[in-house]
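**Q** Sequence first, predicted model second:
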Protein chains: 2
Amino acid sequence: MFQILHQDKKTASRLGVLETRHGKIQTPCFMPVGTQGTVKTLSCQDLNLCGVEMILANAYHLFLRPGIEVIKNIGGLHKFIGWDKSILTDSGGYQVFSLAILRKITDEGVEFQSHIDGTKYFFSPELVIEIQTNLGSDIIVPLDECVHYPCSKDYAKIAMERSINWARRSKIFYEDIKKTDPNQQLIFGIIQGASYLDLRKLCAKEIVEIGFDGYALGGFSVGEPQILRYNIISSLLEDLPENRPRYLMGLGSPPEILDSVEMGIDLFDCVMPTRYGRNGTAFTSQGKITVRNAIFSKDLNPLDKNCDCYTCKNFSRAYLRHLFNAKEMLGPRLVSFHNVYFYLNLMRKIRTAISQDRFKEFKEEFLSQYNNSPS
Amino acid sequence: MFQILHQDKKTASRLGVLETRHGKIQTPCFMPVGTQGTVKTLSCQDLNLCGVEMILANAYHLFLRPGIEVIKNIGGLHKFIGWDKSILTDSGGYQVFSLAILRKITDEGVEFQSHIDGTKYFFSPELVIEIQTNLGSDIIVPLDECVHYPCSKDYAKIAMERSINWARRSKIFYEDIKKTDPNQQLIFGIIQGASYLDLRKLCAKEIVEIGFDGYALGGFSVGEPQILRYNIISSLLEDLPENRPRYLMGLGSPPEILDSVEMGIDLFDCVMPTRYGRNGTAFTSQGKITVRNAIFSKDLNPLDKNCDCYTCKNFSRAYLRHLFNAKEMLGPRLVSFHNVYFYLNLMRKIRTAISQDRFKEFKEEFLSQYNNSPS
């Protein structure tokens, strides 16, 4: 299911291939975020042109709207959204604790009200697995309790223990489902523990003992200092089995991705390329540029001279700036496309560099250009 | 420049080919509207997939934003927007009289304030030709004065006479430009005269005398009864040279297009497919459906079972409804794509029918299905 093809000689970065029932995924891999069953502004054709092999969708959002029955009736999430490659679904734990109106958290589960219309629901770990089974995503994760930053150690411990308990129940429930329906979904465990290294390591130990197909690091990039995060991640990775994929949830910028690959992370998801793209900021080999700005109104250059995506091959910054200025939807669409292409291209370059034992050099070259950011 | 390939035996409809410096256009032809240099939500790739051969852009909008200098510097409108097929530019007369804050109309031209930021400008017929020459569109039209419906006959006459005068000046100015720059743009004359047949016929006579590469019927679909409009159009067409293309500006619905083709119209433009698409209404062989409606929330069918566009081949009404419901941009994009495809496909079918002398039968078949509209 997961194979490490090459281990970089100078860093912990590794080249791998992860196989799901919808195909093979080259790692390190970046997943664009399709929260509501669409990677914002982009079609599946666009995703294929960018070389996307897996996207992330969100069980909480899809449960509320359009509802699981609708998606199940049509034959699952892949068919519903017209995407025939892999999908990882997030449990929605993070959304329940950030978007929804919280009612009550107990060891049994969480009662909440929809952020859309206030309807009351109850998520148990078992229900969340069932939802993801009905969606038919390729990789599923257990419900967990996400805490804010900063969070007291006492509460972080309570939430962590609850998440471990829920992970155990999720695994048992999922094994039961598999007995009658060997559908080959993969299930990843999530490691929580806020910004406390000892809690994180304790959690990792327990989650690994339960045993999952891969391990996700959750609850990062919630406001903690980057150095603290990196210290925890690098220490945590020592405790994870080498032969299982490691997924850093919700990150990050290109430099953060490079740092994390260097530590041995295999999978990423992040809203940055699409959220920034929608707002007129492009990632380029020379750093970020905000193409909405008036300075680009007569700029005949493409977003990135080193990029061969559809946007860069056909349109000037002046045109893109015009589209944003005139509030034309094609603007967000073209810059989102470029950004996703840029991220996927970065991952391709990362994989090539690892295969040649020159990840470290590649990272330095990339950053020396990227950090000359004009914006 | 324009060749009639076949005249339908039973109606006035005709099959033709119009050649511009950016290629050949099969007529009857529908032009999607790209007011601000983009057909809303769609890329040029999308337009090519729909079979679009010419789009319409607006001189007034592009003059205000991003400004003609920007577009000229980049090498013209085609290069700016990444479109290598034909472009017809509307003079913007209609927009000056509907969107802008009008200051003063004289025989010299029109003084107005931008609807965007209130800046004062003056459009003379000569300037409007110069703008379109700088844009480098393939077909240009003179500035004209558009009146509202209803409009007194006295004022309609004044506006019409002014438009004829402006058309004459535009032609003279354009002939002068051509002497030094034989750039092969085509120039169409516009026939005004509000809803008064005698004024319309007078105007047609004068405009034809000045002599243009094609003739546009302007100032329709502003609120006049359809029967009145059809009477005027059919009578007017008798006064236009048969061997020149005829362009009905700003129309229309599929039935209106069929009616107008039957009378002998060759060119159309209309915001309907994109405006309706953005708002979640699709044109189908069974009439219009508003896919936003809750009734479609579990509907596994495509928008139109008889359509083979990307949207219909890949997505259910339930998914499209979900996208609109979740305010995802992909919704407007996919339905706009379908609608433009639908219109272009209708034009293809119309041309095939004319070539087989069965336009009348085709129209009846189409309408018998279309008028069983479920919405």
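**A** Yep, it's here.
**Q** Would you mind measuring the gap between the ends of stretch A:59-71?
**A** Taking CA to CA, to the nearest Å, the span from the opening residue of stretch A:59-71 to its closing residue is 11 Å.
**Q** so A:L330 makes contact with B:C44?
**A** No. Using CB atoms under 8 Å, A:L330 is not in contact with B:C44, being 9.6 Å away. From N, CA and C alone the C-beta is placed, and that goes for glycine too.
**Q** For the residue most central in space within chain A, name its beta-bridge partners.
**A** Geometric centre of chain A, nearest residue: A:D269, 1.9 Å, by CA atoms, centre = their mean. Taking DSSP bridges as the rule, A:D269 bridges to A:M31.
**Q** Quick one: residues contacting it.
**A** For A:D269, the residues meeting the contact criterion (CB atoms under 8 Å, 6 or more residues apart in numbering or on different chains) are A:30-33, A:56, A:88, A:247, A:249-250.
**Q** Compute the number of surrounding residues for the nearest residue to A:T20 once chain neighbours are set aside.
**A** Closest residue in space to A:T20, ignoring its immediate chain neighbours: A:D138 at 3.7 Å, by CB to CB, 6 or more residues apart in numbering or on different chains. Counted with other CB atoms under 10 Å in any protein chain shown, residues neighbouring A:D138 total 23.
**Q** From A:F63, how far out is A:D138?
**A** Between A:D138 and A:F63 the distance, using CB to CB, to the nearest Å, works out to 18 Å.
**Q** Need the phi and psi values for the residue nearest to A:T20.
**A** Dihedral angles phi and psi of A:D138 (degrees, to the nearest 10) take the values phi -90, psi -30.
**Q** so how far is A:M1 from it?
**A** Separation of A:D138 from A:M1 (CB to CB) stands at 11 Å.
**Q** how long is stretch A:147-160 end to end?
**A** With CA to CA as the measure, stretch A:147-160 spans 9 Å from end to end.
**Q** Any residues of chain A in contact with chain B? List them.
**A** A:36-38, A:40-45, A:61, A:65-66, A:69-70, A:73-74, A:80-82, A:297-298, A:300, A:310, A:314-316, A:318-319, A:321-323, A:325-326, A:328-330, A:332-334 (CB under 8 Å from any CB of the partner chain).
**Q** In ChimeraX, how would I select just the buried ones from those?
**A** Listed next is the ChimeraX selection for buried residues among the residues of chain A next to chain B, using 16 or more other CB atoms under 10 Å in any protein chain shown:
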select /A:36,37,38,40,41,42,43,44,61,65,66,70,74,80,81,82,297,298,310,314,315,316,318,319,321,322,323,325,326,328,329,330,332,333,334
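**Q** how about the strands in the stretch 101-250 of chain A?
**A** When secondary structure is read from DSSP state E, counting those that start in this stretch, the stretch 101-250 of chain A shows strands at A:101-105, A:110-113, A:120-123, A:139-140, A:186-191, A:214-217, A:246-248.
**Q** circling back: in this structure the residue nearest to A:T20 contacts A:W83, no?
**A** No. Because the distance of 10.7 Å does not satisfy CB under 8 Å, A:D138 is recorded as not touching A:W83.
**Q** coming back round to it: right, so of the strands of the stretch 101-250 of chain A, which gets closest to A:S285?
**A** Nearest to A:S285, of all the strands of the stretch 101-250 of chain A, is strand A:246-248, at 23.0 Å by CB to CB.
**Q** distance between the closest one and the chain's centre?
**A** Relative to the mean C-alpha coordinate of its chain, strand A:246-248 is positioned 9 Å out (CA atoms, centre = their mean, to the nearest Å).
**Q** Stretch A:260-270 too?
**A** For stretch A:260-270, the distance between its averaged C-alpha position and the chain's averaged C-alpha position is 10 Å (CA atoms, centre = their mean).
**Q** List the residues that are in contact with both of A:D138 and A:M1.
**A** Residues touching both A:D138 and A:M1 comprise A:L186, with contact defined as CB under 8 Å, 6+ apart.
**Q** State the pLDDT value of A:D181.
**A** A:D181 carries a pLDDT value of 80.
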